[in-house]
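>>> coordinates for the following, if possible.
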Amino acid sequence: MQSIFRILLRMSMTGAALLLLAATPVRAQSLGDLVEQLGIQQLARDYLRPGVDAVGYTLNSGYAHTARVDTGFSVWAGAKVVTTFIPDADRTFVAMLPPDLTGLGYPSRMVTATVVGDEGAVLRSSDPSQPEIQLPGGTGLQQALLVMPQLSIGSVLGTEVILRGIPPVTYDPEVGKVSFYGAGLKHELTHYFDTPFALAVVAGMQQFEITDVIDGQGYAGMLLASVDARMLTLFGGVGYEAYRIDVSYDPVPQAGVDPGPVTLEFQRRNLRFSFGGALTLLSLIDLTAEYSFGVQDNLTVGIGLTL
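As a prediction, this is how the structure comes out:
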């Protein structure tokens, strides 16, 4: 996951290259107009989108591994490890170049790498006096990985509280402090009568920050069903999720032009389908696995203690 965020620093170099080429005709414009006219924001948005999706989809995973809510007081303490798989289609995008560059002989569009791709494309003008522009490459990342400590406390009227998160911690000095926290509720709809299966609604929210570059929120809701077969619990559900992630960075000034800070807002809403199982050993230890289908598929495995 960290390599996704380190690559954000390279976005400032992309902006610098575009500004350098177009510095002469646009110096007289306002700094805010400069960024929009050159299309830097849209190029950055398309470049970062697959990485942002991986972050949002990962954080909304693994809230519950059973629809059953125990009666009386109970605590589940453990951790979920979420691996989100990034499809090959997300490794490139079609960069639409602004008129300021096409007017200098550069192509109007170019297929190049996203933040999770490989080598970036090289822009060449039909005018030999214009320099080549190297668009940024990607990390080559195949999947995003996140470990989420989690605590579930129940129950009141068939409802339990889910807490998860990590305090601000620095995994990599180049990335800075990373933190996230979240909370949710699970209410068993079949709590008040006996049925061969359990049905519950699960809802949760997440907040996370990565230094002063990235911050976001995620929201998820799911209708979850499960059935117990001795030590094994099988579950599946359908959910709706949304997330908003803001990426802020400062392009490097070039040729006396400073476009000022740039903030990109990413939003996504989509359905999620999940299924999985939980194995309980010695009525104490839970081993869980869950696979989800959505914008990007992912696998969640966990281990925890029921107290």
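>>> where's residue 262 relative to residue 41, distance?
Counting by Cβ to Cβ, to the nearest Å, the gap from residue 262 to residue 41 is 6 Å. Quick note: C-beta positions are derived from backbone N, CA and C, even for glycine.
>>> between these two, who's got more neighbours?
More neighbours surround residue 262 than the other of residue 262 and residue 41, with 19 against 15 (other Cβ atoms under 10 Å).
>>> the more buried one is in contact with residue 44, isn't it?
Yes: counting by Cβ atoms under 8 Å, residue 262 touches residue 44, with 7.0 Å between them.
>>> state which strand of this protein is the longest.
strand 262-281 (DSSP state E).
>>> direction included, what does the helix or strand that comes right after that strand pair against?
Counting by DSSP states H and E, the next helix or strand C-terminal to strand 262-281 is strand 285-293. Strand pairing for strand 285-293, determined by DSSP bridges: strand 262-281 (antiparallel), strand 298-306 (antiparallel).
>>> give the buried residues for strand 285-293.
286, 288, 290, 292 (16 or more other Cβ atoms under 10 Å).
>>> quick one, what contacts the last one?
When contacts are counted by Cβ atoms under 8 Å, 6 or more residues apart in numbering, residue 292 touches 61, 272, 273, 274, 298, 299, 300.
>>> same check on the third one?
Contacts were defined as Cβ under 8 Å, 6+ apart; by that measure residue 290 touches 61, 62, 65, 235, 274, 275, 276, 299, 300, 301.
>>> in a markdown table: the residues you listed, plus neighbour count.
Formatted as a markdown table, the contacts of residue 290 follow (neighbours: other Cβ atoms under 10 Å):
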| residue | neighbour count |
| --- | --- |
| 61 | 24 |
| 62 | 27 |
| 65 | 26 |
| 235 | 24 |
| 274 | 23 |
| 275 | 14 |
| 276 | 22 |
| 299 | 17 |
| 300 | 23 |
| 301 | 16 |
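>>> between those, which sits nearest residue 166?
residue 62 (14.1 Å; Cβ to Cβ).
>>> the closest one reaches residue 147, doesn't it?
No: at 10.5 Å, residue 62 and residue 147 do not qualify as touching, with contact defined as Cβ under 8 Å.
>>> okay, and the common contacts of those two?
Here residue 62 and residue 147 have 80, 82 as joint contacts, going by Cβ under 8 Å, 6+ apart.
>>> number of nearby residues for residue 261?
Using other Cβ under 10 Å, residue 261 is surrounded by 11 other residues.
>>> from residue 44, how far off is it?
Distance from residue 261 to residue 44, by Cβ to Cβ: 12 Å.
>>> which residues do those two both contact?
Residues within reach of residue 261 and of residue 44 at once, by Cβ under 8 Å, 6+ apart, are residue 249.
>>> so where's this structure uncertain?
For the chain, applying pLDDT under 70 flags the ranges 1-40, 171-176, 251-260.
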